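Peer 1: What would the 3D arrangement of this be:
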Amino acid sequence: MIKKLRKILGKHSEILFAYLYGSKARGDYNERSDVDIGVYLSKDFKPDTFYEVKLAEEIEKNAKLKDVEVVILNNKPIRFLNQVLRYGKLIFSRDEKERVRFETYITKTYIDMKPYFLEYDRMRFKDG
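Peer 2: Alright, predicted model coming up:
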């Protein structure tokens, strides 16, 4: 599956790197699990509204997979991105320098923000 994904993603010059995340990456998937793929796009590329859907359909067709969900990682919340990095698997990288910069930024920012996330969660669950 990974080789097929790399081949498909490699045809898209706008994709700098990509991760498999979710149950497939963790190894706790079942027959109803979807395939979650996060892609980081070149800053020069402006995706149309249906970019994620079109790429997911292309992957489903060419990799013979069902229920593929593609998410553009650019500008997603830090908590989500940290989960992708922590539990996901890098499956494609065209630009190692940008990938390392991205991973470093997300990791450092998450560490800086973690006390605030924990306090927010504590207050939210206490009240609700």
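
Peer 1: Now for residue 5: which residues touch it?
Peer 2: 18, 20, 37, 59, 63, 91, 92 (CB atoms under 8 Å, 6 or more residues apart in numbering). (Glycine included, C-beta is placed from N, CA and C.)

Peer 1: whoops, I mixed them up, residue 58
Peer 2: residue 8.

Peer 1: at 6 Å what do you get?
Peer 2: Under the criterion of CB atoms under 6 Å, 6 or more residues apart in numbering, the contact list for residue 58 is empty.

Peer 1: Tell me how confident the model is about the longest helix seen in the chain, as a mean pLDDT.
Peer 2: In the chain, taking DSSP state H as the definition, the longest helix is helix 96-127. Mean pLDDT, computed over helix 96-127, is 85.

Peer 1: before we move on, the earlier item: pLDDT, secondary structure and neighbour count added to the contacts of residue 5, as JSON lines?
Peer 2: Listed next are the contacts of residue 5 as JSON lines, based on pLDDT from 0 to 100; DSSP: H, G, I helix; E, B strand; the rest coil; neighbours: other CB atoms under 10 Å:
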{"residue": "18", "pLDDT": "99", "secondary structure": "strand", "neighbour count": "28"}
{"residue": "20", "pLDDT": "98", "secondary structure": "strand", "neighbour count": "20"}
{"residue": "37", "pLDDT": "98", "secondary structure": "strand", "neighbour count": "29"}
{"residue": "59", "pLDDT": "98", "secondary structure": "helix", "neighbour count": "20"}
{"residue": "63", "pLDDT": "95", "secondary structure": "helix", "neighbour count": "16"}
{"residue": "91", "pLDDT": "98", "secondary structure": "strand", "neighbour count": "20"}
{"residue": "92", "pLDDT": "98", "secondary structure": "strand", "neighbour count": "22"}
